[in-house]
Structure formats: structure tokens, C-alpha cells
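Colleague: Sequence unavailable; structure follows:
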């Protein structure tokens, strides 16, 4: 279920009072500005909006942009959005135009939100291999274990693998540091 603030509800209600033509133009073009396919200034300067005052056009732009972003963030479907618009006193052709524009650009809006979100990459899998060197060309006996680690990391739309090689002592040091970090996290979560 999608909820909006009282301020957004009021702004949407005010926007619904715009004439049908300018409202439909904004409904169709606001998602394009959000997807960076159009420029906000050129949208507000469009001849289709010449019949309304600039502050009203800016307020409607802000309200519709916020509506599209919030709907995409909530992954709202058409019926949820229609219900929300009815609560904001937007119905008929205006509501249908908003829902159609949202449905047409929903995937792009959600992808844009995903890319705009800031988060650190996270570890999703670890694979390892142990190689044991008995001897080398320079030295007769080496007898050394070498661990190869593949750390699979995921970040928004990108997956990559970080490869490491370490000796037994280096691996033990890494494991000890990870255990210390886990203990610190548990302590912080408990307090």
C-alpha cells in the first residue's frame, strides 16, 4: 500500500485543477525529465504550458515528479496508483493519463532509483582453492600452502569477483580480523 504526505496530497489536488491539456502534457513529460531524456526548463517553457502561470506549472511539476518517484519506490501497480489519485481528487482522464505515463516509464524510474541509491558493495559468495608447493626451480623444498580466494561482490547492477592469493599465515590473520569485526558488530547491535 502506498501512502503520501499531506503536502503532496494537497499539491496533487491543486495540480488537478490545471486545464486538461497542460495537465496531460505534464503527466506525459515529467517522467522523461526524471529519466533525463528532457530538460526541466524546456519542459516548463513549452508552448503547451503557456496558458498557465509558471509558479503553477512548477508546483504541478514538483507534485507529479514526487508522485512518480514515490510510486516507483513503492513499486506501485496501476490499481494502487489509481486509488491514491482518487484519494487526492484526481480521476477520469487525468488519472488515466498519470497511470499510463507511470506504467510506461515504471521500469526506467525504478532502475534510476536503484542507481541513485548509495550503498556499499556487499559480499555474496566466497570460493577458495588450496595449492601446495613442494619445490621450486630455485629451491629444492618449499612445502608452502597457498590459498586462492574468489570473493564475489554485488553492487546495484554490477557483479564482480575479487581474487586474492595468500599464505596460511595471511589467511589466519584475515580470519582473525573478520572475527574481530563480527564481534564488534554484535557488541554494537546489542547496545
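Modeller: Cool, the structure landed. Quick caveat, the model's predicted, so the values are computed rather than measured.

Colleague: hey, let's count contacts and neighbours off CA atoms from now on
Modeller: OK.

Colleague: And the residue nearest the centre of the protein?
Modeller: The structure's the chain has its C-alpha centroid closest to residue 114; by Cα atoms, centre = their mean the separation is 1.6 Å.

Colleague: neighbouring contacts of the helix or strand harbouring that one?
Modeller: Of the helices and strands defined by DSSP states H and E, residue 114 is found in helix 92-116. By Cα atoms under 8 Å, 6 or more residues apart in numbering, the surrounding residues in contact with helix 92-116 are 16, 20, 23-24, 27-28, 31, 34-35, 68-69, 72-73, 75, 78, 81-82, 85-86, 156-157.

Colleague: what number of residues lie near residue 90?
Modeller: Burial measure for residue 90: 21 neighbouring residues, criterion other Cα atoms under 10 Å.

Colleague: Likewise for the one 4 residues further on?
Modeller: The tally of other residues near residue 94 (other Cα under 10 Å) stands at 19.

Colleague: a helix runs through residue 76, doesn't it?
Modeller: No. Applying DSSP: H, G, I helix; E, B strand; the rest coil, one finds residue 76 to be coil, outside a helix.

Colleague: And for it, nearest residue in space, chain neighbours not counted?
Modeller: Among residues not flanking residue 76 along the chain, residue 2 sits closest, at 6.9 Å (Cα to Cα, 6 or more residues apart in numbering).

Colleague: Excluding residues flanking it in the chain, which one is nearest residue 147?
Modeller: residue 130 (4.7 Å).

Colleague: Next secondary structure element downstream of the strand or helix carrying that neighbour?
Modeller: Using DSSP H and E, residue 130 falls within strand 122-133. The helix or strand immediately downstream of strand 122-133 is strand 144-155, counting by DSSP H and E.

Colleague: tell me the angle the helix or strand that that next one is followed by makes with strand 122-133.
Modeller: Downstream of strand 144-155, the next assigned helix or strand under DSSP H and E is strand 158-167. Put simply, strand 158-167 runs at 30 degrees to strand 122-133, going by axes from the mean of the first three to the mean of the last three Cα atoms, to 10 degrees.

Colleague: Strand 158-167: which residues count as buried?
Modeller: residue 161 (16 or more other Cα atoms under 10 Å).

Colleague: can you check stretch 148-158 too?
Modeller: Buried residues in stretch 148-158 (16+ other Cα under 10 Å): 148-154.

Colleague: what sits up against stretch 158-174?
Modeller: 144-154.

Colleague: of those residues, closest to residue 51?
Modeller: For those, the minimum distance to residue 51 (Cα to Cα) is 49.1 Å, reached by residue 154.

Colleague: Report the secondary structure state of residue 186.
Modeller: In three-state terms, and counting by three-state DSSP, residue 186 is helix.

Colleague: Counting neighbours, what do you get for residue 57?
Modeller: Using other Cα under 10 Å, residue 57 has 22 neighbouring residues.
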